[in-house]
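[1] Fold the following for me, if possible:
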Amino acid sequence: MTPYFQDSAVTIYHGSAEEVLPVLEPVDVVLTDPPYSAHVHVKHMVGDSACRDGFAASIARNKSLGFDAITPETMSLVTKQFARLARRWVGVFCNVELVAEWSNSLTGAGLQYVRTGAWVKLNAAPQFTGDRPAPGFECVVLAHPAGKKRWNGGGRQGIWTHAIELNRGGKNKRLHTTQKPLPLMSELVGLFTEPGEVVLDPFGGSGTTARACKDLGRRCILIERQEKYCEVAAKRMGQEVLALTTSNQPPNYGSGVMNYENTINRQINRPVFPQ
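    Modelled structure (predicted):
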């Protein structure tokens, strides 16, 4: 299969995970953000970004995420491939309602379920209907092949607190409807991989995982179904690599990143807005 894009650190394939995964060779770590459940896709509402006081600035409206919810068939297929391909960690983002399904599918494929971590989302959108609490976190289901496990986080908790990418202009403009913050992905890459290892993201989106890998001296294989996002990811790979490479410490992206030691102590109860 011919890559859509390739350089010394990143290979991008234009295609579905179902068709590309079976032809790949083993990798070190799988770290990916697949579609969420139908509940999330059906209920998806957008409005203006949260104001500084945490309230919505405009009336909410329905908006498609631009892709379908994950199906049980796709989940089963990709988890079997994750078990075949991953030498070490498998990390899968999902909404909390899908945690049991992902953990059951991963263990059914032969991996060991290890833990469910959480990304706490600073300055996330409020609940526009006002009749219930807004979701404040997303889950990361962690699995591993049988045997000894290691990561670079010691005994710290699996909680990662980062501001979302704001849908505004300038450097924080969101490139994908479900784009994860680069500081978040850099922290996870630093914690669960080692310099020089190969990371696989079969639901690549705009290439944030690949960008984090390149910045930190890892290699990445990215698969993306939609060509427009392959192009976005390829352009991001052409950006200059930050000076802080081949490290387990994420680059400093400014106020949006919560560094390792200050994750609990910093101001996590109010929105953080980029300067």
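[2] so where do the strands sit in the stretch 1-150 of the chain?
    5-6, 10-14, 29-32, 45-46, 61-62, 90-94, 112-122, 137-144 (DSSP state E, counting those that start in this stretch).
[3] With mean pLDDT, mean neighbour count and distance to residue 69 as extra columns, can I get the ones you listed in CSV?
    All C-beta spots, glycine's among them, are computed from the backbone N, C-alpha and C. Shown next, in CSV, are the strands of the stretch 1-150 of the chain (pLDDT from 0 to 100; neighbours: other C-beta atoms under 10 Å; distance: least, C-beta to C-beta, whole Å):
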stretch, mean pLDDT, mean neighbour count, distance to residue 69
strand 5-6, 97, 16, 27
strand 10-14, 98, 23, 22
strand 29-32, 98, 25, 16
strand 45-46, 46, 14, 16
strand 61-62, 46, 9, 15
strand 90-94, 98, 25, 11
strand 112-122, 97, 18, 19
strand 137-144, 97, 22, 15
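[4] for those, which one sits closest to residue 159?
    Nearest of the strands of the stretch 1-150 of the chain to residue 159, taken as C-beta to C-beta: strand 112-122 at 5.3 Å.
[5] partners of that closest one, with directions?
    Strand partners for strand 112-122, identified by DSSP bridges, are recorded as strand 137-144 (antiparallel), strand 159-163 (parallel).
[6] can you redo those as a markdown table with distance to residue 129?
    Output for those, formatted as a markdown table (distance: least, C-beta to C-beta, whole Å):
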| stretch | distance to residue 129 |
| --- | --- |
| strand 137-144 | 19 |
| strand 159-163 | 23 |
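[7] Of those strands, which is nearest residue 81?
    strand 137-144 (13.0 Å).
[8] how far does the closest one sit from the chain's center?
    10 Å (C-alpha atoms, centre = their mean, to the nearest Å).
[9] Going by residue numbers, what spans are helices in this protein?
    Counting by DSSP state H, the segments of the chain that form helices are 17-20, 38-43, 72-85, 99-108, 182-192, 208-215, 227-237.
[10] Worst mean pLDDT among these?
    Per-stretch mean pLDDT for the helices of the chain is lowest at helix 38-43 (a mean of 55).
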